[in-house]
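# here are the coordinates; sequence isn't available:
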Ligand SMILES: CNC(=O)c1cc(Oc2ccc(NC(=O)Nc3ccc(SCC(=O)O)c(F)c3)c(F)c2)ccn1
């Protein structure tokens with residue numbers, strides 16, 4: 001990565017400007033902290049290399065590559081990069097802080113968020129599709145290949161931003177020897193991985209239809225608020241079921257009858273997770289299908305849904 005080309009358009013943030021660090025989570029090779037920027041007076045998230053190990057050239061390059069990708073992929077529904085902090089003893093990416101955490105938490109902390117209106121759930125699905133559609137429209141197209149509810153973040157108004165906590169692709173490639181697909185992170189999940197990727201050797205070079213499979217699983221998860229394949233005791237069981245054509249249950253007890261446009265959503269979901277990648281829709285088609293659904297809700301509906309979630313969150317915390 002050409003450092004000066006990157007930092008010529010991306011702010012370089014001095015380490016001493018990042019104060020009040022709080023540990024958030026550990027990524028594939030880095031750690032994520034919440035911090036304050038002392039001049040910008042705003043909360044940021046920083047993704048940095050392990051502070052203990054000396055910052056190796058490879059790791060540094062990884063993070064630089066990620067910064068470059070994020071810088072090029074600026075869009076409403078992709079996490080925003082503010083800058084990089086590039087000092088001999090400290091190297092990190094600085095992004096916006098997403099105060100409402102991940103979609104995973106929103107969906108499965110049932111006691112925290114008892115009510116989740118359909119209008120907000122559909123806006124979440126629509127914004128994920130807009131974000132991924134943007135990545136696929138880049139030149140060259142950028143594939144995510146690790147879409148999961150843990151990588152979908154929510155800002156203060158519960159708008160979606162697509163993120164990727166994992167290892168960056170470059171480092172993935174060096175590890176997975178260019179299998180074209182990311183090995184599931186240690187302790188990662190395979191429920192969002194399309195069956196053709198189970199055997200990397202067989203995976204066709206055009207892995208364009210990976211993200212849409214993951215998205216279909218996420219659709220089911222958002223509409224059912226259940227964990228896909230929850231009954232499986234180990235990943236192998238999931239893989240065998242999926243290879244036999246088993247998919248999450250689209251019956252009324254998982255997907256209630258009162259879901260608006262239930263029929264269309266289920267068609268989109270089942271097309272998205274079909275075994276043959278060529279039969280899966282592209283994200284442009286996905287977004288066009290979802291647009292009329294969102295138009296049915298007026299802005300007040302969605303704002304009330306956001307208020308309802310904020311109140312339930314406020315009351316239970
Ligand atoms: C409660 N709030 C939080 O805990 C919190 C944590 C947080 O930490 C980070 C999470 C992720 C990243 N990095 C990242 O998202 N990178 C990335 C790279 C490539 C692509 S697109 C192609 C592809 O996927 O390869 C992409 F969409 C994203 C980061 F820098 C910081 C940020 C905000 N809030």
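Everything's here; your move. Note that the coordinates shown come from a computational prediction; the quantities given were computed from them, not determined experimentally.
# Please report the distance of residue 91 from the ligand.
12 Å (Cβ to the nearest ligand atom, to the nearest Å). From N, CA and C alone the C-beta is placed, and that goes for glycine too.
# Geometric centre of the chain: which residue is closest?
residue 151 (2.8 Å; Cα atoms, centre = their mean).
# ok, it touching residue 160?
No - with contact defined as Cβ atoms under 8 Å, residue 151 does not reach residue 160; the gap is 10.7 Å.
# name the element residue 267 belongs to?
Residue 267 is part of helix 262-272 when elements are defined by DSSP states H and E.
# which parts of that helix are buried?
By neighbour count with 16 or more other Cβ atoms under 10 Å, helix 262-272 contains the buried residues 262, 265, 266, 268, 269, 271, 272.
# Is whatever helix or strand comes next after that helix in proximity to the ligand?
Downstream of helix 262-272, the next assigned helix or strand under DSSP H and E is helix 283-295. No - residues of helix 283-295 are not located near the ligand by Cβ under 6 Å from any ligand atom, the shortest gap being 13.4 Å.
# contacting residues around the residue of the stretch 201-317 of the chain found nearest the ligand?
Proximity of the stretch 201-317 of the chain to the ligand (Cβ to the nearest ligand atom) peaks at residue 211, 9.4 Å away. Contacts for residue 211 (Cβ atoms under 8 Å, 6 or more residues apart in numbering) come out as 132, 135, 136, 143, 144, 145, 147, 283.
# Okay, angle between the helix or strand containing it and helix 262-272 too, please.
When elements are assigned from DSSP H and E, residue 211 belongs to helix 210-224. When axes from the mean of the first three to the mean of the last three Cα atoms, to 10 degrees is applied, the directions of helix 210-224 and helix 262-272 differ by 150 degrees.
# residues of the helix or strand just after helix 210-224 that come out buried?
Counting by DSSP H and E, the next helix or strand C-terminal to helix 210-224 is helix 235-243. Neighbour counts over helix 235-243 (16+ other Cβ under 10 Å) mark 235, 238, 239, 242 as buried.
# try stretch 84-92
By neighbour count with 16+ other Cβ under 10 Å, stretch 84-92 contains the buried residues 84, 85, 86, 91, 92.
# Would you mind measuring from residue 38 to residue 16?
Counting by Cβ to Cβ, to the nearest Å, the separation of residue 38 from residue 16 is 8 Å.
# Backbone dihedrals for residue 33, both of them.
Dihedral pair for residue 33: phi -130, psi 150, per degrees, to the nearest 10.
# who's it bridged to?
residue 23, residue 46 (DSSP bridges).
# sorry, back to before: between residue 38 and residue 16, which is the more surrounded one?
A count of neighbours by other Cβ atoms under 10 Å puts residue 38 above the other of residue 38 and residue 16, at 12 against 9.
# Quick check: that one touching residue 17?
Yes - using Cβ under 8 Å, residue 38 is in contact with residue 17, at 5.1 Å.
# Quick one: low-confidence residue ranges for the protein.
Residues of the chain meeting the criterion pLDDT under 70: 27-29, 50-55, 167-187, 202-206, 316-317.
# Point out the residues in the stretch 1-150 of the chain that sit beside the ligand.
So the stretch 1-150 of the chain meets the ligand at 24, 32, 45, 47, 66, 69-70, 73, 78-79, 93, 95, 97-98, 101, 135, 142, 144 (Cβ under 6 Å from any ligand atom).
# quick one: the helices in the chain?
Along the chain, counting by DSSP state H, helices occupy 3-9, 57-72, 103-108, 118-136, 169-176, 210-224, 235-243, 262-272, 283-295, 299-316.
# if we can go back for a sec, which of the residues of the stretch 1-150 of the chain next to the ligand count as buried?
24, 32, 45, 47, 66, 69-70, 73, 78-79, 93, 95, 97-98, 135, 142, 144.
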